[in-house]
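1. here is my input, please return the structure:
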Amino acid sequence: MQKSIGTLTLVLLFLGAPAPLAAECGRALVQEDTLESILPQLEHRDAGTRLAAVRKLARLGDAGAVEPLIGVLDDSDQWVREEAARTLGVLGDARAVKPLIAALGHKTPSMRAAAAAGLGDIGHADAVAPLVAALASDEVVQREVIDALGKIGSPAVPSLLEALQSKDSRVPPAAAVALGKTGDEKGLEPLLRLLEKSSGRLRCAAAEGLGALGDRKAVAPLRKALKTKVSGPAWRPIPHDVRVSAATALGLLGDPAALADLRVASKDSSRSLSEAAKRAITRIEKCVKVAEERKRKEKEAGEGGGNG
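-> Now for the predicted structure:
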């Protein structure tokens, strides 16, 4: 440690710093951060210092930082309080659930989004109802809420199924995507029904949810959706084109059975569909190569064991 301080001091002297300042800086630069050394920085008048302190606490991962960080949720600086919300998620302590739920009602969308992210990382079931209510938000917040509900997983499914019936047009599509992100098999049939019987944004969301869910039972219905007949000039982008969503979902599912249909779609006059299909093809082909390589290694390992 003493050698490191000396080296840093010499460097700072070389750069023209006064000797006392160079020595002090040298000691500060090599000092290890502790909870006790960081917490006072949360009270510093400089917002940049407070922000740096919050980030240090995230790296430190000490549960002793939870209560002080809860206090920072009311910081006067936007960046500081948002970083505190996300850091509380990283720490994963249930004590932060209620304060973060309260922060979902903050006046600024970015703070509401940060609170949702924190709640998703903690993954506590108590956050489900407030998060589902927050699906009726602007896009920035809604994206984080969807991801948060997906991280919470199965405990969120009953509320999300109910949200599919909401009269608020913003909610059912968001709930459909979140339902898929939970990874719970109970979401499969509802999403398949939406893919078949709904239209517009909700149908696209059902396709996206099925891609996130990862169940290959959705491949055939998604291939059917990929072949949906559309009308209108080829040069005009189609709002909520389910074919694009279906192509993307098929790429996520990685089933080579979809390749033939995707190759046809990749030649479509719609640029958005063509590009989505090409990305899906690339992804599936990579999945196939990985699977083949795994089988080859397993075969070689089996043969090697037999020879031994």
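
2. so where's the stretch 101-250 of the chain uncertain?
-> 231-239 (pLDDT under 70).

3. could you report the neighbour count for S266?
-> 17 (other CB atoms under 10 Å). For glycine as for every other residue, the C-beta is placed from the backbone atoms N, C-alpha and C.

4. same question, the one 3 residues further on
-> Neighbour count of S269, defined by other CB under 10 Å: 9.

5. for it, helix, strand, or coil?
-> Under DSSP: H, G, I helix; E, B strand; the rest coil, the three-state class of S269 is coil.

6. hang on, L191 packs against R203?
-> No: using CB atoms under 8 Å as the test, L191 is too far from R203 to be in contact (10.4 Å).

7. those two - which one has more neighbours?
-> L191 (26 against 23).

8. which SSE is that one in?
-> If you go by DSSP states H and E, L191 is part of helix 188-197.

9. so which elements touch the helix or strand encompassing K299?
-> In the assignment (DSSP H and E), K299 maps to helix 271-307. Applying 3 or more CB pairs under 8 Å, 6 or more residues apart in numbering; DSSP states H and E, one finds that helix 271-307 makes contact with helix 242-253, helix 259-265.

10. mind redoing it with 10 Å?
-> Secondary-structure packing of helix 271-307 (3 or more CB pairs under 10 Å, 6 or more residues apart in numbering; DSSP states H and E): helix 219-226, helix 242-253, helix 259-265.

11. just want the angle from it to helix 219-226.
-> Helix 271-307 and helix 219-226 are oriented at 160 degrees to each other (axes from the mean of the first three to the mean of the last three CA atoms, to 10 degrees).

12. please compute how far helix 271-307 lies from its chain's middle.
-> 25 Å (CA atoms, centre = their mean, to the nearest Å).

13. could you do stretch 122-130 as well?
-> Here stretch 122-130 is found 16 Å from its chain centre; the criterion is CA atoms, centre = their mean.

14. what do you get for stretch 122-135?
-> Relative to the centre of its chain, stretch 122-135 is centred 15 Å away, using CA atoms, centre = their mean.

15. dump the residue contacts of G214.
-> Shown in contact with G214 (CB atoms under 10 Å, 6 or more residues apart in numbering): G180, K181, G183, E185, L188, A249, L252, L253, G254.

16. greatest separation within those residues: which pair is it?
-> Using CB to CB, the contacts of G214 reach their maximum pairwise distance at E185 and G254, which is 17.9 Å.

17. for the two, indicate the residue with more neighbours.
-> Counted by other CB under 10 Å, E185 and G254 do not tie: G254 has more neighbours, with 19 against 13.

18. so what does the more buried one look like in phi/psi?
-> The phi and psi values for G254, taken as degrees, to the nearest 10, are phi 70, psi 20.

19. now do the contacts for it.
-> Shown in contact with G254 (CB under 10 Å, 6+ apart): G214, R216, V219, A280, R283, I284, E285, K286, C287, V288, V290, A291.

20. let's see it at 8 Å
-> R283, I284, C287 (CB atoms under 8 Å, 6 or more residues apart in numbering).

21. of the residues you listed - the most surrounded one?
-> Most neighbours among these, by other CB under 10 Å: I284, with 21 neighbours.

22. pretty sure that residue sits against L259.
-> Yes: contact criterion CB under 8 Å: I284 and L259 qualify, at 6.0 Å.

23. overlap in contacts, these two.
-> Residues touching both I284 and L259 (CB under 8 Å, 6+ apart): there are none.

24. pick the most deeply packed of the helices and strands packed on helix 271-307.
-> Among those, helix 242-253 has the highest mean neighbour count (mean count of other CB atoms under 10 Å), at a mean of 26.

25. pull out the buried positions in the helix holding L191.
-> Within helix 188-197, the residues that qualify as buried are L188, P190, L191, L192, L194, L195, counting by 16 or more other CB atoms under 10 Å.

26. ditto for stretch 172-191
-> 172-184, 187-188, 190-191.

27. pLDDT wise, what is T87 at?
-> At T87, the pLDDT value in this model is 98.

28. what does T49 give?
-> Listed pLDDT for T49 reads 96.

29. spit out the contact partners of it.
-> By CB under 8 Å, 6+ apart, the contact set of T49 is Q41.

30. how near is it to R59?
-> Per CB to CB, to the nearest Å, T49 is found 16 Å from R59.

31. now L91
-> Noted for L91: a distance of 11 Å to R59, by CB to CB.

32. between these two, which has more neighbouring residues?
-> Between L91 and R59, counted using other CB under 10 Å, the more crowded position is L91 (21 against 11).

33. residues contacting that one?
-> Contact analysis of L91 by CB under 8 Å, 6+ apart lists A58, G61, A63, A65, V66, L69.

34. do P109 as well
-> For P109, the contact set (CB under 8 Å, 6+ apart) comprises S137, D138, V140, V141.
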